[in-house]
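Visitor: Sequence below, structure please.
(2 chains)
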Amino acid sequence: QQQVKQSPQSLIVQKGGISIINCAYENTAFDYFPWYQQFPGKGPALLIAIRPDVSEKKEGRFTISFNKSAKQFSLHIMDSQPGDSATYFCAASMTGANNLFFGTGTRLTVIP
Amino acid sequence: EAGVVQSPRYKIIEKKQPVAFWCNPISGHNTLYWYLQNLGQGPELLIRYENEEAVDDSQLPKDRFSAERLKGVDSTLKIQPAELGDSAVYLCASSGQGWGEQFFGPGTRLTVL
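Guide: Residues are numbered from 1 along each chain as shown, chains lettered A, B, ... in the order given. Presented below is the predicted three-dimensional model:
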């Protein structure tokens, strides 16, 4: 059973555009929601993370929007660049367990 | 600061053969994780260590998989015997004491023929 559902599976965006990736979860015990970026041949690397006490977190061009009542969260990449082309994973975990449940990933391609 | 080190990076074996993966976490990180990443999927936790104790191995297929973390530092994940369906990337990650960001290694890509 997939604990975290992610969409779309793939995304193509023009340079300078906005990339949006969505995730949904069921387990209300989750209280930590990170996004990871993975390049081919590399391990995932933490991009940005949010806890449910806030509805939005922004770091540079990357923003997480969090909707606790809908049990959904999304990643927005503003001014997308070709260097952002990678696979993005949302994840969720609960305090004390620290076991990350990952989504299935979104392959982002930013066209110059 | 050196990241999580894994070896080998690639391994090709025939089915029914044994295989072992090695991981050296970031210095000072007490928590170590092994994840399985199938092609086109997100990582899935196999086992989590707190120091030398395996605190969560509920997803580890114990009939053929084993792991150890002697002295609470580096760790080895073993598969014996390997099956075709074990072809995947095996990722190791580590985090500091308590709640902390998980840092991933580059993974070992296993191909079972």
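
Visitor: Now do residue 77: how many residues are near it, please.
Guide: Since you didn't name a chain, this refers to chain A. 24 (other CB atoms under 10 Å in any protein chain shown). C-beta: built from backbone N, CA, C; applies to glycine.

Visitor: Chain B, not that one
Guide: 23.

Visitor: ok, now B:Gln41?
Guide: Counted with other CB under 10 Å, B:Gln41 comes out at 16.

Visitor: Any idea how many residues pack against A:Gly103?
Guide: When neighbours are counted by other CB under 10 Å, A:Gly103 registers 25.

Visitor: and it, what pLDDT?
Guide: Looking at A:Gly103, its pLDDT stands at 96.

Visitor: Ok, A:Gln1 next?
Guide: 69.

Visitor: Same question for A:Gln37.
Guide: Predicted confidence (pLDDT) for A:Gln37: 97.

Visitor: So in terms of bridging, what pairs with it?
Guide: Counting by DSSP bridges, A:Gln37 is bridged to A:Ala45, A:Tyr88.

Visitor: contact partners of stretch B:87-99?
Guide: Applying CB atoms under 8 Å, 6 or more residues apart in numbering or on different chains, the external contacts of stretch B:87-99 come out as A:43-44, A:95, A:98, B:4, B:6, B:21, B:23, B:25-26, B:28-39, B:43, B:75, B:77, B:101-105, B:107-112.

Visitor: Report the mean per-residue pLDDT for that stretch.
Guide: pLDDT averaged over stretch B:87-99 gives 87.

Visitor: Tell me, please, the helix or strand in chain B that averages the lowest pLDDT.
Guide: strand B:53-56 (a mean of 91; mean pLDDT, DSSP states H and E).

Visitor: Quick check: which helices or strands does that one pack against?
Guide: If you count contacts as 3 or more CB pairs under 8 Å, 6 or more residues apart in numbering or on different chains; DSSP states H and E, strand B:53-56 packs onto strand B:44-50.

Visitor: Show me the shaky parts of the chain.
Guide: Since you didn't name a chain, this refers to chain A. Across chain A, the ranges flagged by pLDDT under 70 are A:1.

Visitor: meant chain B actually
Guide: Judged by pLDDT under 70, chain B has its weakly predicted residues at B:1, B:97-99.

Visitor: Residues of it that sit close to chain A?
Guide: B:4, B:31, B:33, B:40-45, B:48, B:56, B:91, B:93, B:95, B:99-107 (CB under 8 Å from any CB of the partner chain).

Visitor: which of these count as buried?
Guide: By neighbour count, with 16 or more other CB atoms under 10 Å in any protein chain shown, these hold B:4, B:31, B:33, B:41-45, B:48, B:56, B:91, B:93, B:95, B:102-107 as buried.
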